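[1] Pasting a predicted model and its sequence here:
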Protein chains: 2
Amino acid sequence: MEICFSPELVHVHDLQGKTVVVVDIFRATSTMVTALANGVEGIRPVEDLEQCRRLAGSGYVTAGERNGKKEEGFELGNSPLSYLGDAYKGRKVAMTTTNGTVAIERSKKQAAEILIGAFLNLQATADYLRGKQRPVLILCAGWKGKFNLEDSLYAGALASLLHFPYDCDGTLAMESLYRQVSGDMGGFLKKASHAKRLQNQNIEADIDFCLSLDKYPLVVRLDGDEIVAEKNPHLA
Amino acid sequence: MEICFSPELVHVHDLQGKTVVVVDIFRATSTMVTALANGVEGIRPVEDLEQCRRLAGSGYVTAGERNGKKEEGFELGNSPLSYLGDAYKGRKVAMTTTNGTVAIERSKKQAAEILIGAFLNLQATADYLRGKQRPVLILCAGWKGKFNLEDSLYAGALASLLHFPYDCDGTLAMESLYRQVSGDMGGFLKKASHAKRLQNQNIEADIDFCLSLDKYPLVVRLDGDEIVAEKNPHLA
């Protein structure tokens, strides 16, 4: 298994035949997992705002943020909390985000399968991957092309549950760091630059939610153009 | 201060007005520091093998490796041990390497100053940077565009000596990891993929040498086209 720390580094990794787990903890993939766990039927990730707006005409709920802020004219921003309860049950959502969607788009062509990872469904994802025994690449959405801590630590957490063989320094580094800080991951992650930016926007409730472990026993994957909950993860 | 984990990510960082510390522990920058500490007058880093060969006609000693192996027709490979003693005292060296030279070339245009870092001259580099108080970006040469452990841990080590302010998750991650493993850095780093590749080539002596701390109290920097030892680091 291996870790790719930024969508800007996808070209130096070989994705062929691999399961790619895309992660954008604050907040795209956490929000996707939450939406599907709360009855949303499917999520269409799109790169640009215009395409997202057009999908509103086809019955999609539009969700979009740029630089951590909700886009004007969109029904939703990128808070996972918006989807709690039955608010969007049975609906489809078109979602565009700063970093997360780019990561999905860049891995589509080569990967054998694309999963959506978050701390919220960490164990379920690990169980599924262990069942498959296919090589795994964890693709961190990062922040504007740079390494970010929350996605990288998720990668370390997932690696430490998988026990897959690796020849990847990123995995060695992040597994070690995760073991070091897992006792107080929230405290450590709140020092991360992205978390600090979000704190400035008063969305600490989102941060805490995104760092909850295993709230949803759900495997989430890309199926064609749509992100959906895996119905029978043990039979897949 | 900040860390850039790969030459492939230089474009997402802003180098303007910064001191860039280029690091390629196994083995380019360790070799450069060693050569200059042992009397080599200057090192010309060049990207391609042909340019390196041509410089032999101008009196340069040629040193080159690709994928960790010495290039045919070159006088030297990339072992720091070749420079010990007076073997190349007073000579100039033209050096091309897999990852290190690329990192230098990519930062030349924007950086205010380029230093060459290695564990061998860690403290001297930290002292110099603390004296200057200019923003610092540590540029890891990486391995074929990917994150590598030895360069990243060097970055964490340097950051922990600098105590400069930062808004960079890479610095937070690597400073934490360095503090965790600094008691047995050699043991931890020998698990790194690059170190394992070098072990397969029976150059464990090189690895141990490159991981020696503060063997040379020398500041090394790029001056025009040449890498030289800073004569008066305290007056610079």
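    Now that the structure is in, tell me what you want to look at.

[2] Send me stretch A:208-220 as PDB with only the CA atoms.
    Extracted in PDB, the C-alpha atoms of stretch A:208-220 (Å, rounded to 0.1, in the frame of the first residue of the first chain):
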ATOM      1  CA  ASP A 208     -15.300  17.800  16.200                       C
ATOM      2  CA  PHE A 209     -17.800  15.900  14.100                       C
ATOM      3  CA  CYS A 210     -15.300  15.100  11.300                       C
ATOM      4  CA  LEU A 211     -12.900  13.700  13.800                       C
ATOM      5  CA  SER A 212     -15.400  11.300  15.300                       C
ATOM      6  CA  LEU A 213     -14.200   7.700  14.900                       C
ATOM      7  CA  ASP A 214     -16.500   5.000  13.300                       C
ATOM      8  CA  LYS A 215     -19.800   6.800  13.700                       C
ATOM      9  CA  TYR A 216     -21.000   5.100  10.500                       C
ATOM     10  CA  PRO A 217     -20.400   1.500   9.500                       C
ATOM     11  CA  LEU A 218     -20.600   2.300   5.900                       C
ATOM     12  CA  VAL A 219     -18.400   1.700   2.800                       C
ATOM     13  CA  VAL A 220     -18.700   4.500   0.300                       C
END
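
[3] Report the mean confidence score over it.
    The average of the pLDDT scores along stretch A:208-220 is 96.

[4] which outside residues touch that stretch?
    Residues outside stretch A:208-220 that contact it (Cβ atoms under 8 Å, 6 or more residues apart in numbering or on different chains): A:25-27, A:30, A:32-34, A:36-37, A:80-81, A:115-125, A:128, A:150, A:185-186, A:189, A:227-230, A:233, A:236. Bear in mind the C-beta positions are built from the backbone N, C-alpha and C, glycine included.

[5] got it, and stretch A:1-11?
    A:13, A:99, A:102-103, A:106-107, A:135-142, A:145-147, A:151-152, A:155, A:159, A:162, A:164-168, A:170-171, A:174, B:5-6, B:8-9, B:11-12, B:145-147.

[6] Now go through these and say which are in strands.
    Per DSSP state E, strands hold the following members of the contacts of stretch A:1-11: A:136-140.

[7] List just the nearest of those to chain B.
    residue A:140 (10.5 Å; Cβ to the nearest Cβ).

[8] Show me which of the contacts of stretch A:1-11 are buried.
    Among those, the ones that count as buried by 16 or more other Cβ atoms under 10 Å in any protein chain shown are A:13, A:99, A:102-103, A:106-107, A:135-142, A:145-147, A:151-152, A:155, A:159, A:162, A:164, A:166, A:168, A:170-171, A:174, B:5-6, B:8-9, B:145-147.

[9] Among these, name the ones in helices.
    Secondary structure from DSSP state H places A:102-103, A:106-107, A:151-152, A:155, A:159, A:162, A:170-171, A:174 of the buried ones among the contacts of stretch A:1-11 in helices.

[10] Return the member of those residues nearest to residue B:46.
    Closest to residue B:46 out of these is residue A:170 (29.4 Å), distances taken as Cβ to Cβ.

[11] still on that earlier bit, could you flag which of the contacts of stretch A:208-220 are buried?
    Looking at the contacts of stretch A:208-220 with 16+ other Cβ under 10 Å, the buried ones turn out to be A:25-27, A:30, A:32-34, A:36-37, A:80, A:115-122, A:124-125, A:128, A:150, A:185, A:189, A:227-230, A:233.

[12] Give me the subset of the residues you listed that also touch chain B.
    Among these, not one lies near chain B by Cβ under 8 Å from any Cβ of the partner chain.

[13] Give me the subset of those lying in helices.
    A:30, A:32-34, A:36-37, A:122, A:124-125, A:128, A:150, A:185, A:189.

[14] Tell me which two of the residues you listed sit farthest apart.
    So, those by Cβ to Cβ: farthest apart are A:128 and A:189, at 24.4 Å.

[15] Contact partners for residue A:135?
    A:1, A:17-19, A:164.

[16] picking up where we left off before, let me have the ones in helices among the buried ones among the contacts of stretch A:1-11 in CSV, extended by pLDDT and distance to residue A:208.
    Below are those laid out as CSV (pLDDT from 0 to 100; distance: Cβ to Cβ, whole Å):
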residue, pLDDT, distance to residue A:208
A:102, 79, 26
A:103, 86, 24
A:106, 86, 30
A:107, 90, 29
A:151, 97, 17
A:152, 97, 19
A:155, 98, 21
A:159, 98, 24
A:162, 96, 26
A:170, 97, 27
A:171, 97, 27
A:174, 97, 22
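
[17] so how far is stretch A:160-168 off the chain centroid?
    Centre-to-centre, stretch A:160-168 and its host chain are 19 Å apart (Cα atoms, centre = their mean, to the nearest Å).

[18] Give me the contact list for it.
    Under Cβ under 8 Å, 6+ apart, the answer for stretch A:160-168 is A:1-3, A:122-123, A:126, A:129-130, A:135-136, A:159, A:172, A:175, A:178-179, B:146, B:193, B:196.

[19] Quote the end-to-end distance of it.
    14 Å (Cα to Cα, to the nearest Å).

[20] measure residue A:44 to residue A:220 for me?
    For residue A:44, the distance to residue A:220 (Cβ to Cβ, to the nearest Å) stands at 14 Å.

[21] Now for these two: what residues contact both?
    In contact with both residue A:44 and residue A:220: residue A:227, using Cβ under 8 Å, 6+ apart.

[22] With neighbour numbers in mind, choose between those two.
    Neighbour totals were compared for residue A:44 and residue A:220, and residue A:220 leads with 30 against 19 (other Cβ atoms under 10 Å in any protein chain shown).

[23] ok, what's across the strand from that one?
    residue A:229 (DSSP bridges).

[24] What is the neighbour count of the closest residue to residue A:86 other than its chain neighbours?
    Among residues not flanking residue A:86 along the chain, residue A:39 sits closest, at 6.3 Å (Cβ to Cβ, 6 or more residues apart in numbering or on different chains). Applying other Cβ under 10 Å, we find 15 residues neighbouring residue A:39.

[25] can you check residue A:218 too?
    Neighbour tally, residue A:218, other Cβ under 10 Å: 20.

[26] and if you look at residue A:109?
    Residue A:109: 9 surrounding residues under other Cβ under 10 Å.

[27] How many residues are close by the closest residue to residue A:154 other than its chain neighbours?
    Excluding the flanking residues, the one nearest residue A:154 by Cβ to Cβ, 6+ apart is residue A:23, at 4.9 Å. Counted with other Cβ under 10 Å, the neighbours of residue A:23 add up to 31.

[28] do you know how far residue A:23 is from residue B:44?
    43 Å.

[29] go on, residue A:154?
    43 Å.

[30] residues in contact with residue A:230?
    Contacts of residue A:230 by Cβ under 8 Å, 6+ apart are A:128, A:218-221, A:236.

[31] picking up where we left off before, for chain B, state which of the ones in helices among the buried ones among the contacts of stretch A:208-220 is nearest.
    Distance to chain B across those (Cβ to the nearest Cβ) is lowest for residue A:150, with 8.1 Å.

[32] Please name the residues that touch the closest one.
    A:25-26, A:189, A:192, A:194-195, A:210-211.
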